[in-house]
Each structure stands twice: as C-alpha cells, then as structure tokens.
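Student: need a 3D model of the following:
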Amino acid sequence: MTPRGLILAAPRSGSGKTTITLGLLAALRRRGVAVRAGKSGPDYIDPAFHAAATGTAGANLDTWAMPPAVLGAVAHAAFADADFVVIESAMGLFDGVQAEANRTGASADLVRLFSLPVLLILDVSGQSQSAAAVARGFATHDSGVRVAGIVLNQVASARHRLGVEQALAPLGIPVLGCLMRDAKLSLPERHLGLVQASEHGNLEAHLTRLADAIEAQCDVDGILGLAEQWRLPPTTHHSKPPGQRIALAQDRAFTFLYPHLLRAWRAAGAEILPFSPLANEAPPAQADICWLPGGYPELHAPALAAAGNFVAGLAHFAQTRPVHGECGGFMVLGQTLEDAHGARHPMAGLLGHHTSFAKRRLHLGYREATLLSDGPLGRRGTVWRGHEFHYASQVETSPDAAFATLIDGQGAQLGPAGGQRGYVSGTFFHAIASQDPAP
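Tutor: As a prediction, this is how the structure comes out:
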C-alpha cells in the first residue's frame, strides 16, 4: 500500500499547526480512515499527542539528523499500513540550518523528497489583506514546494474572514478552512513546550472538541482531496539496537524516546522491558542494558530521590551491564538535581555531575556527536546526529571522562560533553540517527 499524504505547515511557530493537526487527525480517525502522523524535525512532545489522536505511534522525520536511507526506513516502518499521512511541520516551512540540499532539517526538504503538497496554516490575527502577501511569498518562494491549500486560523469575525478570503482569491489557492478564535482549542504549555499528552487532564474530550471544530469549520473532504501518494524511496537500512533485552524506564518522569528508535529496536528483535523508577522499580534483572530516556525528572525529584529500590537496583545493574541516560536520564545518573526553588535532591550518583534548574538557561539546537569510547551507541568514533533541548545546567565540574565531542548544526565546535564511568554513560544530547552505514 502506498499512502497518500500532505504536510501541514505555517510561516512560523505559534500559528496553530498542532491544534489543527490534532483536530484533523481525530476527525479522520472518527471517519474510519487509517490515518498516521509524523513530525518534521526533532520535537518529541507533539508525536505523543499525534499518537493519542490516531491510536498509533507516528514518527519524527528529520532531514538534517537522518541520512536518506534512515529517513526512508523510518517512513516505511511508520506509514506503510496507512491510508493517509499528515506530517506536521516544525517552526516555519523553510526554517532549517545551512547544509547540503535536502539535509537542512526544514520541512520543505520533506516536501521535495516525498513529493507532498502543503496545506498552509495562516494565523491572521492582527492582519487582514496582508495575509495574501504572506501566502503569495510562500507559494512562490521555492518552485519545488507546492502550496495546495490554505486554512485560516484565529479569525475574529465573518467580516475579517471575508476580507482575507477576497485578498487571497487572485492566488488561486483554495481556502479550505477558517477557524474562529477560541481559547478552548488551545493546549496547556510549560517550559519545554506543551504539557505532555500523558499529563493532559482529559485528552480524549479535548481531541473530540478539536475534531468537532475541524469538521464544522474546515472542508475535510477538500483537504483529503489535496493529498498525493508518497514517493517513498526503497530502503534496506536496518538499525542495530543497543542490546537484546533493553530495560527501559517508562513513567511520567521518563517519556522522551523517539518512536522510530523504539520501533527499530523491536524490528531488529530486541525485547523491551519497561519499568518505572517513580514506582520504585529496579531495572529488570534479565535485561542486558538499561536505558533512561529524557523527560521531566525535575518535576519528580523528591520521589526519585526517595526511590531507594530503584537507586540500589540501578547501581547493582551498572556493576556488570551498560546503563545509558539521555537528558533527563543523564540528570538522574548524576550526584544531585537542584530544582527551580533551589532545593538539592540526591540522584543515583553513578556519574559525577550535578545539575540545576535554579538558574534556567535554554540549551537548544541540533548536535552532531562523535563517541569517545565504545558504548551503547556504538564503537568509538561513531557519529550520531540529534538534538539538545533543556533548561538544566551542569553546575560543577565532573571527574568523569567525556562521552562525546559535539558540534552544532552550524558546524561550531562545542567541545566534550556528557559523562562515562565504567558501564555508565550519559549526555544531554538526544540521539536521533547514526551517520555511519548500518552493519
């Protein structure tokens, strides 16, 4: 089966892409369409909402971090059984980094690579006829990118709508929806973006509300009619899991694991053994590696500090088998975690660093990591690309050997990062894809 699809994009962040994507996904699922969702770029919060709206895990598609073979493999694995695929853009449609063609991380790369049309979301708050100039610019900026339809968001009144639509008419691009301003359609946010899907008070009711709004205010049949068949490249790429039996921390403190990695590990025959540090569970004894993904440990620091069975079990595990932590997992592997109020909480103590939220500073951007020793992500010298997104800072010098050397998406050297001690390793860096050919 070759699915049909489109990319839902906007001129900038904050235009309502996630709200409209979730409403469209929920409306299509309600109609019985086998719909799947993807996210352009490294965002790991939106895909959890996509999964709730579709009932199936989606995928991140990142042209900077993923070599073409990996990108094709991820798309095949996530969407091969779909009738319809909606890809939500990150930031603005053309926003990326300076890099070789179609490796910039911009959503426009995916449009060219997969020959998908664009449904452009225009937040028209604070403007009227000027929206046509924005739409014209996006429609003509790149001949390889086709804007096939428009949905207006944050429309104030029928008069406002009429003014915008009249200005857009000469462009010949159909307006397939006009969402009126409605604060009830927004999702709650906090410092790393949206509150996680698992923490939403009544997500099903909210998805129903979004689906109702899309059905009432958008031409869903017209949007379906825009879609084109994906041009999915053939691929023979296979990812190697970090172990055969992976103890994976999974609870409200540990939630940020890219769906494509979990899917690839399982496809390669790995067994996933979930456990909950917040429930004071130790890593399963039969596992041959323990993985602590990212999340919000700062919100649960007292509970993690009091989880004696988890800490003791993790220490015992680490005597003989690898333990790896990413971002939040890395913080938990350190000596202490200082919360936003300045209180210090003891952590697992398996690495020597201390982290703090007391003085928040945003660390954000693409990262390319070269491993400095053999470990869960591969042999020394293996190159991975990924992403860093956190407000925590390392506040004391660690005696541990560095885990990797980093450069950012512009090629600037960031130096050594992370920590490695015995079987334990960790880093703030979220790994997305190895740049080395699969064995």
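
Student: the helix or strand where Ala27 lies packs against which elements?
Tutor: Ala27 is part of helix 17-30, with elements assigned from DSSP states H and E. If contacts are counted by 3 or more Cβ pairs under 8 Å, 6 or more residues apart in numbering; DSSP states H and E, helix 17-30 sits against strand 4-9, strand 35-40, helix 46-54, strand 84-88, strand 147-155, helix 203-217, helix 220-226. Heads up, the C-betas are built off the backbone N, CA and C, glycines and all.

Student: can you redo those as TSV with mean pLDDT and mean neighbour count?
Tutor: TSV is the format used below for the helices and strands packed on helix 17-30 (pLDDT from 0 to 100; neighbours: other Cβ atoms under 10 Å):
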stretch	mean pLDDT	mean neighbour count
strand 4-9	97	24
strand 35-40	97	28
helix 46-54	93	23
strand 84-88	97	26
strand 147-155	98	22
helix 203-217	95	18
helix 220-226	97	17
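
Student: before we move on, the earlier item: who touches the helix holding Ala27?
Tutor: Residues outside helix 17-30 that contact it (Cβ atoms under 8 Å, 6 or more residues apart in numbering) are 8-10, 35, 37, 46, 49-50, 53-55, 84, 86, 88-89, 121, 151, 153, 177, 179, 185-187, 194, 207-208, 210-211, 213-215, 218, 220, 223-224.

Student: repeat that with 6 Å
Tutor: Contacts of helix 17-30 with the rest of the structure, by Cβ atoms under 6 Å, 6 or more residues apart in numbering, involve 8, 10, 35, 37, 46, 49, 53-54, 86, 88, 121, 185, 207, 210-211, 213-215, 220.

Student: now do stretch 322-335
Tutor: Residues from elsewhere that reach stretch 322-335, judged by Cβ under 6 Å, 6+ apart: 289-295, 297, 337, 347-351, 353-355, 376, 390, 423-428, 430.

Student: also stretch 277-284?
Tutor: If you take Cβ under 6 Å, 6+ apart as the criterion, stretch 277-284 is touched by 247, 249, 251, 253, 273, 275, 290, 300, 303, 307, 309-310, 313, 317.

Student: for my notes, confirm His316 occurs in a helix.
Tutor: Yes - per DSSP: H, G, I helix; E, B strand; the rest coil, His316 lies within a helix segment.

Student: any idea how many residues pack against the closest residue to Val383 other than its chain neighbours?
Tutor: Take Val383 and drop its neighbours on the chain: the residue closest to it by Cβ to Cβ, 6 or more residues apart in numbering is Gln435, 4.3 Å away. Neighbours of Gln435 under the rule other Cβ atoms under 10 Å: 15.

Student: residue farthest from the centroid of this structure?
Tutor: The centre of the chain is farthest from one residue, Arg159, which by Cα atoms, centre = their mean lies 37.7 Å away.

Student: hang on, that residue in a helix?
Tutor: Yes - according to three-state DSSP, Arg159 belongs to a helix.

Student: show me what contacts it?
Tutor: With contacts defined as Cβ under 6 Å, 6+ apart, Arg159 has no neighbours.

Student: repeat that for Leu372.
Tutor: Counting by Cβ under 6 Å, 6+ apart, Leu372 makes contact with 402, 404.

Student: surely Asp251 is in contact with Phe275?
Tutor: No - using Cβ atoms under 6 Å as the test, Asp251 is too far from Phe275 to be in contact (8.5 Å).

Student: those two: who's more crowded?
Tutor: Phe275 (20 against 17).

Student: that one pairs with what?
Tutor: Assessed by DSSP bridges, Phe275 has beta-bridge partners Ala249.

Student: any idea how many residues pack against Asn309?
Tutor: 12.

Student: low pLDDT regions in this structure?
Tutor: 1, 187-201, 232-237, 438-439 (pLDDT under 70).

Student: let me see the ranges of the helices in it.
Tutor: 17-30, 46-54, 68-79, 107-114, 130-140, 158-168, 203-217, 220-226, 259-267, 301-305, 308-318, 328-333 (DSSP state H).

Student: just the CA atoms of the second one, as CSV, please.
Tutor: The one in question is helix 46-54. The C-alpha atoms that make up helix 46-54 are tabulated as CSV, following Å, rounded to 0.1, in the frame of the first residue of the first chain:
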residue,chain,number,x,y,z
ASP,A,46,4.0,16.6,19.6
PRO,A,47,4.3,13.0,18.5
ALA,A,48,2.8,11.8,21.7
PHE,A,49,-0.3,13.9,21.0
HIS,A,50,-0.3,12.6,17.4
ALA,A,51,-0.3,9.0,18.8
ALA,A,52,-3.3,9.8,21.0
ALA,A,53,-5.2,11.3,18.1
THR,A,54,-4.5,8.4,15.7
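
Student: centre of the chain to that helix, how far?
Tutor: When distances are taken as Cα atoms, centre = their mean, to the nearest Å, helix 46-54 is centred 11 Å away from the chain's centroid.
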